[in-house]
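[1] Give me coordinates for this.
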Amino acid sequence: MNVRYSCGFLVLPHSVASSPFSVDYRMHSLTAYTNRGSCVLPGEVTDNIIDHLHADTETLRATALVSWAWLPSSQHHLFYITRCQCTAPGKGFAEFVAWSSSAQYALAHIMILLIIEGNFTERNSGDTKRPEVFVQDVEIVMERLTSLVGLTIRGVTLTSRVPAGELYRPAKHGTLNLLIIWMVTTVDSAFYPVFHLLSLFTKIDHLSVNNLECAWISELATVSSSGLAPPIEDAPEVDALSVVSVDPEGRWSGHRCMVHLFRHIHPRWKLKRLEMVISGVPLQDVLSDFLPDCDATLSCLCINAAVYVLANMIAQAEGRTPGLWPVPSLRGCCCLQTLELSIHVARGTALTGRSGEAFMRKCFERTLILSSEILLATPPTLRKVEITFKAEDDYDDDSLRLAELPEWSRLDDALCVLGEDVEVVCLMARGIEAVYNGHAHHAFCAQYCGMDKETEERIALLKKVLPMTQASGRLRFQLFSVA
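    Predicted coordinates for the structure are as follows:
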């Protein structure tokens, strides 16, 4: 079998229960051990020991063979995060479905399921045919995974055996804490397979749609033929929504599908957390699609300022916009308590050499300005500001000299204007994935690490460029990396 089922981001061991000798051996071993009069450790002690081995797959495979008493804790960690890695067309999720029909020993322990394409990377997206995953197969698996709280589908083609426009009302499977749809393409570039997937659940605490590769056509005839004419029913409740669409070539409009769903769903989503990272669209337009309808419920808003600044600067260079995009007011968000901002150096532009460095410096200047203006547009209910910095960014680089920018004082002033009641947390993110996909650290328990020497130097520099906030005693730092 070419499919790899793995857990904890490591290769999943073969079933200990499937071994023809494992059960008799364990029972004989335990009986012999206790008959010799040796001390048997209390269950809570062995459970704590096994808990410390949660990331050591090889050792957990061994502890699972010791005795019946050790088996549940070992299996809990072995299968907690299970990965179905679809390595070839026809050798993927369908086989996982077949495996789940006979793997009763494992199903109750699977809390997070990852369905991913084995050779997937965002860089070669679209270069190769992606394996298909049918929504109806996911439905079968959901019936068996009674403990599931998180589902990630990444780098595959999502399709449905129910044609577009036909009624699909599957059995609901309760609440899912997190659903991530990441770099997924759909059959015929249509949105209805995604909607069929969402229809499997009664409630999704956090829905994340990251670079959905499908096209949205807003004509009424097309919308009706897809079964998405308003009002849209049979969709789950959603508390938190993250939509990321960073498509430099402008091929896909999957984020517009989510806007349509939000506007016409019944009953309406009462979002408590919103994250929108949409390149090529003004921030004001992005927020206007959502904020008027969730002003009274939204408690956390996430904005990646660098994405909107970069798109604006490119639009200016191409003559598509005369100046900076306006900053929308957030005063109407009467329940907003947390604002999450991302500030990092925008790299990878088409410009190189000195012009490239000048472009990045200008982009960073405007990112600081936009972040400052967003802070000044917040309501008085705000109690916490989280600013994510990329740990690898060198603000003291000789060529960019970002630490010398006067716009830092503008950000410092804005943070002080918020008042003494607002906590300021600077998150030092390892890797650009942690910056663009901050929701991932909520999903897979970002490792809040101790500060290394390089990060401590960055923190010392940030304290220097934000002196008034630092002097107020409200500035804290954390380092995290996505597991």
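[2] got the phi/psi numbers for residue 156?
    phi -120, psi 170 (degrees, to the nearest 10).
[3] Where does the nearest residue to it once chain neighbours are set aside sit: helix, strand or coil?
    Spatial nearest neighbour of residue 156, chain neighbours left out: residue 133 (4.7 Å); criterion: CB to CB, 6 or more residues apart in numbering. For glycine as for every other residue, the C-beta is placed from the backbone atoms N, C-alpha and C. Judged by DSSP: H, G, I helix; E, B strand; the rest coil, the three-state class of residue 133 is strand.
[4] Residue 133: neighbouring residues, count only.
    Neighbourhood size, residue 133 [other CB atoms under 10 Å]: 23.
[5] Please tell me the pLDDT value assigned to it.
    According to the prediction, residue 133 has pLDDT 92.
[6] partners of it in the sheet?
    Counting by DSSP bridges, residue 133 is bridged to residue 158.
[7] Contact partners for it?
    86, 92, 93, 115, 153, 156, 157, 158, 159 (CB atoms under 8 Å, 6 or more residues apart in numbering).
[8] Can you show me the strands along the stretch 101-250 of the chain?
    Ranges of strands in the stretch 101-250 of the chain, per DSSP state E, counting those that start in this stretch, are 112-117, 132-134, 150-154, 157-159, 175-182, 185-186, 203-210, 237-245.
[9] Just send the ones you listed back as TSV, with distance to residue 301 too.
    Below are the strands of the stretch 101-250 of the chain laid out as TSV (distance: least, CB to CB, whole Å):
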stretch	distance to residue 301
strand 112-117	26
strand 132-134	32
strand 150-154	23
strand 157-159	28
strand 175-182	19
strand 185-186	28
strand 203-210	14
strand 237-245	11
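[10] Tell me which of those strands lies nearest to residue 279.
    Nearest of the strands of the stretch 101-250 of the chain to residue 279, taken as CB to CB: strand 237-245 at 6.6 Å.
[11] Following element in sequence after that closest one, please.
    Reading on from strand 237-245 to the C-terminus, the next helix or strand found by DSSP states H and E is helix 254-264.
[12] ok so, going back, so which of the contacts of residue 133 is the closest to residue 179?
    Using CB to CB, residue 153 comes nearest to residue 179 of the contacts of residue 133, at 8.1 Å.
[13] Now that closest one: closest residue in space that isn't a chain neighbour?
    Distances taken as CB to CB, 6+ apart put residue 115 closest to residue 153, at 4.8 Å, once the chain neighbours are dropped.
[14] same thing with residue 467?
    Leaving aside its sequence neighbours, residue 467 sits nearest to residue 412 (CB to CB, 6+ apart; 6.7 Å).
[15] these two touch, right, the one you found and residue 466?
    Yes. Taking CB atoms under 8 Å as the definition, residue 412 is a contact partner of residue 466 at 4.7 Å.
[16] Can you pull the poorly scored residue ranges out of the stretch 51-200 of the chain?
    For the stretch 51-200 of the chain, the stretches flagged by pLDDT under 70 are 54, 87-91, 118-128.
[17] how about the closest residue in space to residue 235 that isn't next to it in sequence, what does it touch?
    What sits nearest to residue 235 in space, not counting adjacent residues and going by CB to CB, 6+ apart, is residue 265, at 5.1 Å. For residue 265, the contact set (CB under 8 Å, 6+ apart) comprises 231, 232, 233, 235.
[18] What is the nearest of those residues to residue 216?
    Using CB to CB, these come closest to residue 216 at residue 232, 13.9 Å.
[19] For the closest one, the count of nearby residues, please.
    Neighbour tally, residue 232, other CB under 10 Å: 17.
[20] mind putting the contacts of residue 133 in a markdown table, neighbour count and distance to residue 477 included?
    Output for the contacts of residue 133, formatted as a markdown table (neighbours: other CB atoms under 10 Å; distance: CB to CB, whole Å):
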| residue | neighbour count | distance to residue 477 |
| --- | --- | --- |
| 86 | 27 | 40 |
| 92 | 25 | 42 |
| 93 | 20 | 41 |
| 115 | 25 | 36 |
| 153 | 23 | 34 |
| 156 | 24 | 38 |
| 157 | 18 | 42 |
| 158 | 26 | 39 |
| 159 | 20 | 45 |
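[21] tell me which of those residues is nearest to residue 57?
    residue 115 (19.8 Å).
[22] Mind listing the residues bridging to that closest one?
    Beta-bridge partners of residue 115, counted by DSSP bridges, are residue 84, residue 153.
[23] now it: how far from residue 167?
    Remark: distance between residue 115 and residue 167 (CB to CB, to the nearest Å) = 25 Å.
[24] Check the gap between residue 170 and residue 140 for me.
    Taking CB to CB as the measure, residue 170 falls 10 Å from residue 140.
[25] Ok, residue 284 next?
    Separation of residue 284 from residue 140 (CB to CB) stands at 44 Å.
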